[in-house]
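In: Model the structure of this input:
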Amino acid sequence: MNKKISQLKAGVILSYINLAIGSMIPIIYTPIMLRLLGQAEYGLYSLSTSVIGYLSLLNFGMGSTIVRYVTKYRVEHKKHQEQTIVGLFLIVYIVLAILVLAGGAILCTCTPVFFSKGLVQAEIEKLQVLILIMTVNTAVSFPISVFSSVIIAHERYVFSRCIDILSTIIVPITNIVMLYLGFGSVGMAGASVAIQLAILPLSLTFCLKKLEVKPIFEKPEWTLLKEILGFSAFVFLSTVVDMLFWATDKVILGALVGSVAVAIYNVGATFNSIVEKLSTTISGVLTPRITGMVVLGADGKELTDIFIRIGRIQFLIIGLVISGFITFGEPFIALWAGEGYEESYVIALLTMVPLTIPLIQTVGKNIVVAQNRHQFRSVVYLVIAVVNAVSTYLIIPYMGGVGAALCSSLSYIVGQGIIMNIYYQKVTGLDMLAFWKNILKMLVVPLILVVIFKRFVCQTVDFYHWETFLAGVVAYTLLYCLLMYVTQLNAYEKDLIRKPIQIAVQIIKKVS
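Out: Okay, here's the model as predicted:
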C-alpha cells in the first residue's frame, strides 16, 4: 500500500513537472514556430492535425476500456485473465492500425474535394503530404497505447510520467531543429513519427520485464467480448464528441474560409489545451484508484468526498489561469503571437470560460465510467456536439472563428454544465449541491481580482511591454495565492502547500 501511495504522490509531482514544462514550452516554442512557418502554413499544419484526428476515432474508445479491465483483474488478483485481456487488445489495436493506414489514404485522396474552396492548390498538395505522414504516426501510436494503458492501470506513474516528460521536451526541440533546417511543417510531422517509434520499445520492455505482463493470445469468452464492446461503444461516443468539438471547427474553417482563419482559431484553442492539461493531470492519475474504489463498492459519500476534494484543487489552479487570462490575455497574445491574432483572445474566452465546468468535474467522468454508467453522458454529448457542428457550419460564413467558438461555448454550458450536473446528482449519487457550494465560495477571489485589475490597474498601466506584463502577472499571481490561502483553503489544501515547503527548508538547512 505504501508503495502505491508513493507511486501516486510521485506520479502527481511528475505530472505537474510535465505540466509545467508542457505549459512553458508552448509559450517559448509557439512564437518561434509562428514566425518560422508563417501564419498560413501554421494554419495548414493545425488543419492537418485536426483532419488526421478523425483517424484516432478508430481506437473506438478502448484506451479507457483497457485501464478499466486491467485494473479490475489486477485488483482481483487474476493474472491470467489480465494477460489474456492485454493480448486481446493488442490484436485489436494492430488491426485498427491497419484500418488507420487505409483511412489515411482515403482522406488524402479526398482532400482536394473537401478543401478546394478554402485552400489554394499548393496548400492542398502540402496538406496531402502532411496527412500521409501523420497517418503513419497515428498507426504507430495505437500499439503503444496498449502498453501505456497497462502501465497506468498498474499505477506505475513514475515511469509513465517520465516518458511523458521526455516526449514533452524532445518534440518541440526536434521541431525547431526541423524548422531551422528548412523542412517546415513536413519535417515536424516526420519528426513525430520518429519519436513514436523510439517510445514503443520503452513501454513494451517495461510491461514485459518490470510488470511481468506478457500478452496471452487465446480466444476470449463471448460474454466478456460483448461486455467490452458494450463498454467501449459509449466511451467511443465520447471520443467522437471530443472530435466534433475540437477538430470540426478548424476543419470547417479550413474548408470555408482558409488556412489563416485556422491559425487564428488554433492560437485561441492553444490556451484551452493548457487549461485542460491543468485539470486532467490529477484526475488522470486517480483513474485506476477510482475504478478500484467502485469495484470494491465505495458508496456515494466516499465518491463525493474525492470528487469535491479534487474539484477544489482543480479550481484553485484553473481559476488562477482563466482569471489571469481574462485580465492579461489581450496584451499577452499581442506580445506572444504578434499582429493578426487579436481575434484569438475572444475565441479563447468563449471556449475556455464555460469549459471550466467539465474541467473541474473530470473525476465525475471517471466515476461514471468506472460505474459503467457513461452511456447517458455519451449520448447527450453526441447530440450536443452534432448540433454544435451543424450550427458552426451555418454561422462561420457570417462570424468566422468567433461564431464557431460561440457555438462551442453554448454547447458546453447546456451539455457538460446543466444536463450532466443533474445526472451526477440524480443517478451517479454525487452531492452536486455540496460541490457547487464549495466552488461558488472559492469563485469570489478571482471575480474580485478581475474586476479590480480590469477596472483600475489595466486602465493606468501599459501591459503591452514584456517588463510591465510580467510584473503584472507576478503581482496578480501573488495576490490570488495569498487571498485564496487566507480565505478559502481548508486544512488539507494548506498542508499540500506547507509540507513541500517544510521539506525544502529542511533540505536547505542540511546542505548549509
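
In: If you rank every helix and strand of the protein by mean pLDDT, what lands last?
Out: When each helix and strand of the chain is scored by mean pLDDT, DSSP states H and E, helix 222-246 comes last, with a mean of 66.

In: Contacts only, for Asn421.
Out: Residues counted as contacts of Asn421 (Cβ atoms under 8 Å, 6 or more residues apart in numbering) are Ile357, Gln361, Met432, Trp436. Every C-beta, even on glycine, is put in place using the N, C-alpha and C of the backbone.

In: gap between it and Glu302?
Out: Note on Asn421: its distance to Glu302, by Cβ to Cβ, to the nearest Å, is 20 Å.

In: One more: Glu221?
Out: Separation of Glu221 from Glu302 (Cβ to Cβ): 32 Å.

In: the domain parsing of this structure - what is it?
Out: Taking automatic domain parsing as the criterion, the chain consists of the domains 1-27+42-220, 261-512.

In: for the stretch 51-200 of the chain, which spans come out with low pLDDT?
Out: For the stretch 51-200 of the chain, the stretches with pLDDT under 70 are 57-64, 157.

In: sorry, back to before: let's have the domains of the chain in a markdown table, adding distance to Leu229.
Out: A markdown table is the format used below for these (distance: least, Cβ to Cβ, whole Å):
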| stretch | distance to Leu229 |
| --- | --- |
| domain 1-27+42-220 | 9 |
| domain 261-512 | 13 |
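
In: Compare the ones you listed and give me the one nearest Met33.
Out: Each of those has some distance to Met33 by Cβ to Cβ; the shortest is domain 1-27+42-220, at 6.6 Å.

In: Helices of the stretch 201-350 of the chain, residue ranges please.
Out: 222-246, 248-256, 259-295, 300-336, 343-359 (DSSP state H, counting those that start in this stretch).

In: Output the shortest one as CSV, nothing but the C-alphas.
Out: Same thing as helix 248-256. Extracted in CSV, the C-alpha atoms of helix 248-256 (Å, rounded to 0.1, in the frame of the first residue of the first chain):
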residue,chain,number,x,y,z
THR,A,248,-14.5,20.0,-36.6
ASP,A,249,-14.4,23.8,-36.0
LYS,A,250,-11.0,24.0,-37.6
VAL,A,251,-11.8,21.7,-40.5
ILE,A,252,-14.9,23.8,-41.3
LEU,A,253,-12.9,27.0,-41.1
GLY,A,254,-10.3,25.5,-43.4
ALA,A,255,-12.9,24.3,-45.9
LEU,A,256,-14.9,27.5,-46.0
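
In: pLDDT on that helix, on average?
Out: In this model, helix 248-256 carries a mean pLDDT of 79.

In: quick one: buried residues of that helix?
Out: Thr248, Asp249, Lys250, Val251, Ile252, Leu253, Gly254, Ala255 (16 or more other Cβ atoms under 10 Å).

In: pLDDT wise, what is Asp10 at?
Out: Just so we're on the same page, residue 10 is Ala rather than Asp. pLDDT, Ala10: 63.

In: ok, the closest residue to Ile310 other than its chain neighbours to Phe115 distance?
Out: Excluding its sequence neighbours, the residue lying closest to Ile310 (Cβ to Cβ, 6 or more residues apart in numbering) is Val363, at 4.8 Å. Going from Val363 to Phe115 by Cβ to Cβ gives 40 Å.

In: ok, now Thr138?
Out: In terms of Cβ to Cβ, Thr138 sits 20 Å off from Phe115.

In: Over to Glu343?
Out: Distance from Glu343 to Phe115, counting by Cβ to Cβ: 21 Å.

In: likewise Val474?
Out: 44 Å.

In: Tell me which of these two has more neighbours.
Out: Set Val474 next to Phe115 and count neighbours by other Cβ atoms under 10 Å: Phe115 wins out with 23 against 10.

In: who touches that one in this structure?
Out: Phe115 makes contacts with Glu123, Ile124, Leu127, Gly254, Ala255, as judged by Cβ under 8 Å, 6+ apart.

In: what helix or strand is the first one on?
Out: Spelled out, that is Glu123. helix 121-153 (DSSP states H and E).

In: For that helix, buried residues please.
Out: In helix 121-153, counting by 16+ other Cβ under 10 Å, buried: 123-124, 126-128, 130-153.

In: Now do it against helix 248-256, angle only.
Out: With axes from the mean of the first three to the mean of the last three Cα atoms, to 10 degrees defining the directions, helix 121-153 sits at 170 degrees from helix 248-256.

In: Helix 121-153 packs against which elements?
Out: helix 39-53, helix 62-75, helix 79-115, helix 157-180, helix 184-205, helix 259-295 (3 or more Cβ pairs under 8 Å, 6 or more residues apart in numbering; DSSP states H and E).

In: For Thr460, find the nearest of those.
Out: Per Cβ to Cβ, nearest to Thr460 of the helices and strands packed on helix 121-153: helix 259-295, 25.7 Å.

In: hang on, the earlier thing: list just the one of the domains of the chain that sits closest to Ile228.
Out: domain 1-27+42-220 (6.0 Å).

In: Run the chain-centre distance for that closest one.
Out: Put simply, domain 1-27+42-220 sits 13 Å off its chain's centre (Cα atoms, centre = their mean, to the nearest Å).

In: cool, and stretch 498-512?
Out: On Cα atoms, centre = their mean, the centre of stretch 498-512 falls 33 Å from that of its chain.

In: average model confidence for that stretch?
Out: Computed over stretch 498-512, the average pLDDT equals 72.

In: Can I get it in CSV, CA atoms only?
Out: Output of stretch 498-512 as CSV, limited to C-alpha atoms (Å, rounded to 0.1, in the frame of the first residue of the first chain):
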residue,chain,number,x,y,z
ARG,A,498,3.1,23.7,3.6
LYS,A,499,4.6,20.2,3.6
PRO,A,500,6.7,20.6,0.4
ILE,A,501,7.9,24.0,1.7
GLN,A,502,8.9,22.4,5.0
ILE,A,503,10.7,19.6,3.3
ALA,A,504,12.6,22.1,1.1
VAL,A,505,13.6,24.2,4.1
GLN,A,506,14.9,21.1,5.9
ILE,A,507,16.9,20.1,2.9
ILE,A,508,18.4,23.6,2.6
LYS,A,509,19.3,23.5,6.3
LYS,A,510,21.0,20.1,6.0
VAL,A,511,23.0,21.3,3.0
SER,A,512,24.0,24.6,4.6
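
In: now the stretch 301-450 of the chain, which segments are flagged as low pLDDT?
Out: Checking the stretch 301-450 of the chain against pLDDT under 70 turns up 372, 374.

In: Spit out the contact partners of Ile419.
Out: Applying Cβ under 8 Å, 6+ apart, the residues contacting Ile419 are Val380.
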